[in-house]
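[1] have a look at this fold, sequence not included:
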């Protein structure tokens, strides 16, 4: 009998979020689950790590089936690092992150704590997948996503992933029928920010960061296109950020 | 007479750090300088943005030559977003970030607030450069770096940068002679973490994240190699994280 996979589960919305509980439910069908997740929402933390402050990390118990649930005061990347150093003696077979309440398509991948956790696992040579859903609400219904999440995770368990890559999986809203799965590139879309200026009760100005998402990428091979057409998008993401095509150009400079 | 370039300067060590003051000194020779930088150290914040909290951003005056210095309670990426939305009416000609007290070579680029600020500017189609120096100390001597920083920035002002790329520039320690400049790829090196467990006065366990840097990449075209040989390394960095080479492989899966 082959050994069951050890599956590390994390997220950025916090250990109590319905998204991670749905992901845990699927993973329990596939292997032994270890959860290390933030104790509070960490959206937009990107690849941040906690170097100038201390971390509280404590055993937690939401799911009576699990022996290893930990809540961490830090970021999703801290959670992965702690899991690898302190919780899982052998390496996990796979790491899954999410299900994020909200999409992490296009350039949102850079700001996403969900995807940064997956990337951190990938940097440690652990196959990893981030899952995100086009519904921001806390009470989003993740039930219909479960068969797709199981299928994609099984494929990664069977096939592994190409060296240096992790998967960014985004789901369109289930109010429309899902048409299938598309392997995509990251759309060249951006957030255009604006700052909402206010004054606090002490007369001091403060700001809220707000923004609108603008996609000027017309390609029909992008994650944004796939999602708009009702497909689940999968983008293979790499953490070697070198722009190889730019090296010859830069070598022609007078430096 | 051609218009002077508008140069946005930021960093992750905070607006008072000697590294950013050295960078500002060089940029004043090249154009009109606008500074928007964190009001406190933000090392290791990666591409984090402040979405669940308010931001305080206030006019600051360290350098009497400058009309626009702002200190921001948020991350380096927040600083760039605020500069573009609130401070600089026209787009800046270029954005420079640093000089970081400490290297941001290899995979450190992913954790680096310095480089994330440059990447954020790049995502807004502004040519951008992050500068980092192999000396962590607050009193690091940046004087000898200035001619190199000026030359590299002048080249970017003259030539622009290939679409979708920003530069990650790292300087070896000046205690050794600098041999020149090499265009490199990001070394496939990683941080191997360990958590230092302690107990606080109330009996609660807490942790400090620590780690050692391990480079198993033997290539002599990497930033780590160049730095070890006494060269300044320049890696062109892209924010399209798509692993294009993995797309055909994933398309062969049963999904």
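    Yes, it's here. Quick caveat: nothing in here was measured; it's all calculated off a predicted structure.
[2] sketch out the low-pLDDT regions of chain A for me.
    The model of chain A has pLDDT under 70 over residues A:1-2.
[3] can we see that at 90?
    The model of chain A has pLDDT under 90 over residues A:1-3, A:41-48, A:51-53, A:60-61, A:89-90, A:190-193, A:211, A:254-255.
[4] quick one: the helices in chain A?
    In chain A, the helices defined using DSSP state H lie at A:18-28, A:76-82, A:113-123, A:146-159, A:223-228, A:247-251.
[5] touching the last one from outside, list them.
    I take that to be helix A:247-251. For helix A:247-251, the surrounding residues in contact (C-beta atoms under 8 Å, 6 or more residues apart in numbering or on different chains) are B:162, B:183, B:185, B:234, B:236. Bear in mind the C-beta positions are built from the backbone N, C-alpha and C, glycine included.
[6] hmm, back to that, now render the helices of chain A as CSV, adding mean neighbour count and distance to residue A:63.
    Supplementary listing: those in CSV, determined by neighbours: other C-beta atoms under 10 Å in any protein chain shown; distance: least, C-beta to C-beta, whole Å:
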stretch, mean neighbour count, distance to residue A:63
helix A:18-28, 22, 6
helix A:76-82, 29, 17
helix A:113-123, 30, 19
helix A:146-159, 16, 16
helix A:223-228, 22, 30
helix A:247-251, 15, 49
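[7] isn't residue A:237 up against residue A:169?
    No - counting by C-beta atoms under 8 Å, residue A:237 sits too far from residue A:169 to count as a contact (10.3 Å).
[8] picking up where we left off before, go through the helices of chain A and name the closest to residue B:55.
    When the helices of chain A are compared by C-beta to C-beta, helix A:113-123 sits nearest residue B:55, at 18.6 Å.
[9] what residues are up against residue A:169?
    By C-beta under 8 Å, 6+ apart, the residues touching residue A:169 are A:129, A:130, A:131, A:132, A:149, A:152, A:232, A:233, A:234.
[10] quick revisit: which members of the contacts of helix A:247-251 are the farthest-apart pair?
    Farthest pair in these (C-beta to C-beta) is B:162 and B:185. Separation: 14.7 Å.
[11] contact residues of the stretch 1-150 of chain A facing chain B?
    Selection of the stretch 1-150 of chain A residues close to chain B by C-beta under 8 Å from any C-beta of the partner chain yields A:41, A:43-52, A:54-58, A:74-75, A:77-78, A:81-82, A:84-86, A:107, A:109-111, A:116, A:119, A:123-124.
[12] which among these end up buried?
    A:41, A:43-51, A:55, A:57, A:74-75, A:77-78, A:81-82, A:84-86, A:107, A:109-111, A:116, A:119, A:123-124 (16 or more other C-beta atoms under 10 Å in any protein chain shown).
[13] just the buried residues of the contacts of helix A:247-251.
    Neighbour counting by 16+ other C-beta under 10 Å classes B:162, B:183, B:185, B:234, B:236 among the contacts of helix A:247-251 as buried.
[14] just the contacts of helix A:247-251: which are in strands?
    In strands, defined here by DSSP state E, the members of the contacts of helix A:247-251 are B:183, B:234, B:236.
[15] and those residues near chain A, which?
    Among the ones in strands among the contacts of helix A:247-251, the ones lying near chain A by C-beta under 8 Å from any C-beta are B:183, B:234, B:236.
[16] mind listing what the spatially closest residue to residue A:83 that is not a sequence neighbour touches?
    Spatial nearest neighbour of residue A:83, chain neighbours left out: residue A:36 (4.2 Å); criterion: C-beta to C-beta, 6 or more residues apart in numbering or on different chains. Contact analysis of residue A:36 by C-beta under 8 Å, 6+ apart lists A:8-10, A:57, A:68-70, A:72, A:79-80, A:82-83, A:87.
[17] output the buried ones among the contacts of helix A:247-251 as a markdown table; include the columns distance to residue B:245.
    Shown next, in a markdown table, are the buried ones among the contacts of helix A:247-251 (distance: C-beta to C-beta, whole Å):
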| residue | distance to residue B:245 |
| --- | --- |
| B:162 | 19 |
| B:183 | 21 |
| B:185 | 15 |
| B:234 | 24 |
| B:236 | 18 |
